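> Predicted coordinates and the sequence they were generated for:
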Amino acid sequence: MQTIVRLADYRPSDYLIDRVDLDVRLHPTETRITATLGLRPNPAGEPGAPLVLDGDELTLVAIALDGQPTGPGAVAVTPRALTLHQPPQRPFVLEIETQVNPSTNTKLMGLYRSNGVYCTQCEADGFRRITYFLDRPDVMAVFTTRIEGSREAAPVLLGNGNPVEQGEAGPGRHYAIWHDPHPKPAYLFALVGGRLGRVGSRFTTMEGRDVEIAVYVEPGKEGRADFALDAVARSMAWDERTFGRAYDLDVFNVVAVSDFNMGAMENKGLNIFNDKYVLASPETATDADYANIEAIIAHEYFHNWSGNRVTCRDWFQLCLKEGLTVFRDQEFSSDERSRPVHRIAEVRTLRARQFPEDAGPLAHPVRPQAYREINNFYTATVYEKGAEIVRMLRTFLGPETFRAGMDRYFTVCDGTAATVEDFLAAFAAESGRDLSAFSRWYAQAGTPTVAVSSTYDAAARTYTLTFRQSLPVVATEAAAPAAPQPLVIPVVLGLVAPGGGPVEAASERVRDGVFVLDRAEDSLVFGGLDAAPVPSLFRGFSAPVKVEHALTRDERLTLLAHDGDAFNRWQAAQSLAMEVLVGRARADAPLAGEAGPDGASLTAALATFLDGEAAAGGTLADPAFAALVLTLPGEQEIAQAIGAEIDPDAIWRARQTLRVQLGRDLGPRLLALREALAEPEGAPFSPDAASAGRRSLRNAALDLVTAADPESGTALAVAQLAGAATMTDRLAALATLSLVPGEARETALARFGEAYRGEPLVLDKWFALQAMIPEAGTLERVRGLMHHAAFSLGNPNRVRSLIASFSLNNPSQFHRPDGAGYDLTAEVVLALDGKNPQVAARLLTAFNTWRMVEGGRRRHAEAALRRVAEAPGLSPDVSDIAGRSLA
Ligand code: ARG
Ligand code: ZN
């Protein structure tokens, strides 16, 4: 078992590395790396301590200290560490030569080859797979990298920082030298060597720096890189406008590779991307792909300040860069697209991914206190809940003070490896407020619940809202469960008149629409009211909490129709639907899965909503918003609302029955909308939010209409599939068809698979769609597709699209009552673990909700988890997830 690393045990490094000169001679199987390290004792460290450099699967070729061979017994070397027993107590130089094999590196950490392209991934601890090093983020050095490779196989050689020199290096070989003037931790190191196509442009920063920006892709795919290139320029401009942050090198390169464990990586000046988040054309990418590309390009670019210029002292501070950078990319997307629509999408992700994580055995604070394997902490909690904390901080302090705090943080911490405390100190200094209670958000795991009750006193004309917060007690590996302390919860609120329209009622506890709940229980009194208003609470989802608020159906209808806050209009429809869904899906519900009268009142409300929207703008003011209002809460969300003894089949049935009902009751309206929103023949394609919104409502309509009337819906979908001008419309039609068993579906699937034989990223969508069919036959379909020529366990995108779609996004089939879904998942985790432990561990998190399902399934799930946990030779990654899941 891997040892536990604890935040409480943090000590500064005993040695520092100021300068690194790397000389990398690329070779498919025998790449040689010479690292010349300028070291010195750290004044903050322990004098005379041995120097222990990290390594991982390394072969040492040679070592010299200050240009001399090291004496016998001076150095101890294993594949995992290089120890210099008595290092000089003055500045000194170590020269280390190692050899690695990029072709057999299937973990995709360190230096590896993807489709023949040499590339690297060093976060969190991959640099130690290239050379022996102090591989920790608080050791920051200036890197100069010489990359040498075959002119034929690697005409493009890229490194961090700015290009310095290039030239011949013997027969058939050439080299390039890159210098990065900004000191950085080793996890931000990168290099690339390969045959790559390039698109480029220029950007002049507000400081007048002329930056060459480029996106490198597989040759022949240059036409699919323009959107990403444009997103880079828009990100640069946005960060200048919004946070006053300018780019700081002469070049900014993005490289797309096809084998990548995560989404992308913010290496200094050389971002390396999963090609799924770079390549886009109307023929191959959906609107969702375009939105993701824009968001991830922005995310990695924004890391240049929040992550690179200011980095993390240790990996416990991961949210310092990730939560903050997610917040920044969310703001970017909201500004570039539709803010309310984007906010709803963020909250849906949070509820579908982070809430279950926070409620299950893998729950951890946004800043964990202990870990066995850091790569398992790149989680929805660190990223998404981390972003929510930053958002709450802005709500709590107000936008101006928040911006001033950000400026101070960037100025004070520039060039350092910082902590969450450093971050909060900047805001405390700028606002003059004590943020120690607020900081509990970083330390306490679990999703808080806020229960709200209200009373209206007609005689006194007062309206009182009472809030009670409670936090689950969460035991983590680091600490015994402690009684949670009250959190600082910003409640953005307003009052709506029963007939619509805002109510002007003041409370001195509410400033700029924000009430701060910072005790276990608190009340708010509004005076001068002639009737009870309808409260609109947590507008814009102002805090990542579950709200228990017994609004009547009429009150919800008022909010859906009249709330000035678009998020809460959507939320009102969601909670109306959730009530129906939970009622039907509870294992003990008498009418499980049957249509009931409450469904009719939901469809009536949605009909009124659609009519109101249409009246407001002639056509629809915001089709994307309407599409979201028509989308029922997902199965994971319904499961969370039920909480225990879940029957995933009953959840699916309840949701399906309600979809049928919506399709039936709203059918004529939905068909009319499809007509009204049709693209004019030959209209040029645009991936912008407005066009995407029209497509999303058209396709939501198709989906509901087909649920109610599979026969005529199938005809519509088949026609759409044949005539679609975009991948969005084609895939939506195929997705709709995939839910209707029969000939038409199988023909359409087969044709699509054939048509995109040579397009792995499109086939991924095809794999995913089939893996998500909510039918018993899907398990065999998935097993069959694992033998498809385009499928490979070696490629993370393929595993995610076929296997993770089944295990994480098809709840009724993953949780098959016979346990076969669990078995398949466990089998793939074990088969994959020897190749790629990170992706295997991620897949295993599908078992996160196993304790919530009813007894029969629960026993199968536990048995499958135990089989994984007890398998011999597990990676630390998988054994960590298995162990915590069973604890
Ligand atoms: N820092 C990357 C990001 O932008 C994530 C890289 C994580 N990679 C890993 N192997 N843990 O979110
Ligand atoms: Zn990130």
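Here it is on my side, so go on. Ligands and ions are numbered 1, 2, ... in the order given.

> gap between residue 244 and ligand 1?
Counting by CB to the nearest ligand atom, to the nearest Å, the gap from residue 244 to ligand 1 is 22 Å. Bear in mind the C-beta positions are built from the backbone N, C-alpha and C, glycine included.

> swap that for residue 255, please
Between residue 255 and ligand 1 the computed distance is 15 Å (CB to the nearest ligand atom).

> which residues does that residue contact?
Contacts for residue 255 (CB atoms under 8 Å, 6 or more residues apart in numbering) come out as 117, 119, 158, 192, 196, 215-217, 270-273.

> Going by neighbour count, which of those residues are buried?
Buried members of these, scored by 16 or more other CB atoms under 10 Å, are 117, 119, 158, 192, 196, 215-217, 270-273.

> So which of the contacts of residue 255 is the closest to ligand 1?
residue 271 (8.8 Å; CB to the nearest ligand atom).

> who's in contact with the closest residue to ligand 1 within the stretch 651-800 of the chain?
Of all residues in the stretch 651-800 of the chain, the one sitting closest to ligand 1 is residue 796 (10.6 Å; CB to the nearest ligand atom). Residues counted as contacts of residue 796 (CB under 8 Å, 6+ apart) are 108, 259-261, 274, 836, 839.

> Skipping adjacent residues, who's closest to the residue in the stretch 51-200 of the chain positioned nearest to ligand 2 in space?
Taking CB to the ion, ligand 2 has its nearest neighbour within the stretch 51-200 of the chain at residue 123, 8.8 Å off. The shortest distance from residue 123 to any non-neighbouring residue, by CB to CB, 6 or more residues apart in numbering, is to residue 187 (4.2 Å).

> I figured that neighbour hits residue 129, correct?
No - contact criterion CB atoms under 8 Å: residue 187 and residue 129 do not qualify, at 11.8 Å.

> Residue 840 touches residue 827, doesn't it?
No - the criterion here is CB under 8 Å, and residue 840 misses it with residue 827 at 11.2 Å.

> So if I had to pick from those two, which one is more boxed in?
residue 840 (24 against 15; other CB atoms under 10 Å).

> what's the spacing between that one and ligand 1?
Residue 840 sits 13 Å away from ligand 1 when distances are taken as CB to the nearest ligand atom.

> ok, now residue 883?
In terms of CB to the nearest ligand atom, residue 883 sits 19 Å off from ligand 1.

> Can you tell me the number of residues neighbouring that residue?
For residue 883, the count of nearby residues is 17 (other CB under 10 Å).

> Would you confirm that it belongs to a helix?
Yes - Residue 883 sits within a helix when classified using DSSP: H, G, I helix; E, B strand; the rest coil.

> pull the longest helix from this structure.
The longest helix of the chain (DSSP state H) is helix 648-676.

> Quick check: residues of the stretch 301-450 of the chain near ligand 2?
Counting by CB under 5 Å from the ion, the stretch 301-450 of the chain comes close to ligand 2 at 322, 325.

> give me that answer again for 6 Å
303, 322, 325 (CB under 6 Å from the ion).

> How about the first one, nearest residue that isn't a chain neighbour?
This points to residue 303. Closest to residue 303 by CB to CB, 6+ apart is residue 266, at 3.4 Å.

> And that neighbour, its phi and psi?
phi -90, psi 30 (degrees, to the nearest 10).

> tally of neighbours for residue 95?
17.

> any idea how far the lowest-mean-pLDDT helix or strand in the chain is from the chain center?
Lowest by mean pLDDT, DSSP states H and E among the helices and strands of the chain is helix 597-617, with a mean of 85. On the basis of CA atoms, centre = their mean, to the nearest Å, helix 597-617 sits 33 Å off its chain's mean C-alpha point.

> Then stretch 459-473?
Per CA atoms, centre = their mean, the displacement of stretch 459-473 from the mean C-alpha position of its chain is 34 Å.

> so where's the stretch 401-550 of the chain shaky on pLDDT?
Counting by pLDDT under 70, the stretch 401-550 of the chain contains low-confidence ranges at 477-480.

> where do the strands sit along it?
In the stretch 401-550 of the chain, the strands defined using DSSP state E, counting those that start in this stretch lie at 417-418, 449-457, 462-470, 489-492, 494-496, 510-511, 514-517, 521-526, 534-536, 546-549.

> would you turn those into JSON lines with mean neighbour count?
Listed next are the strands of the stretch 401-550 of the chain as JSON lines, based on neighbours: other CB atoms under 10 Å:
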{"stretch": "strand 417-418", "mean neighbour count": "22"}
{"stretch": "strand 449-457", "mean neighbour count": "16"}
{"stretch": "strand 462-470", "mean neighbour count": "18"}
{"stretch": "strand 489-492", "mean neighbour count": "23"}
{"stretch": "strand 494-496", "mean neighbour count": "21"}
{"stretch": "strand 510-511", "mean neighbour count": "14"}
{"stretch": "strand 514-517", "mean neighbour count": "19"}
{"stretch": "strand 521-526", "mean neighbour count": "17"}
{"stretch": "strand 534-536", "mean neighbour count": "24"}
{"stretch": "strand 546-549", "mean neighbour count": "16"}
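
> Dump those strands into CSV; add distance to residue 222 as well.
Listed next are the strands of the stretch 401-550 of the chain as CSV, based on distance: least, CB to CB, whole Å:
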stretch, distance to residue 222
strand 417-418, 38
strand 449-457, 51
strand 462-470, 53
strand 489-492, 45
strand 494-496, 50
strand 510-511, 52
strand 514-517, 48
strand 521-526, 58
strand 534-536, 49
strand 546-549, 47
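
> so which of these comes closest to residue 802?
strand 546-549 (33.1 Å; CB to CB).

> Need the residues that contact the following helix or strand past that closest one.
Sequence-wise, the next helix or strand downstream of strand 546-549 (DSSP states H and E) is helix 553-562. With contacts defined as CB under 8 Å, 6+ apart, helix 553-562 is touched by 496-501, 534, 536, 551, 568-569, 571-573, 575-576, 601, 605, 608-609, 612, 629.

> Keep only the residues you listed that also lie close to ligand 2.
Residues of these in contact with ligand 2 (CB under 6 Å from the ion): none.

> among these, which ones are buried?
Buried members of the contacts of helix 553-562, scored by 16+ other CB under 10 Å, are 496-497, 534, 536, 551, 568-569, 571-573, 575-576, 605, 609, 629.
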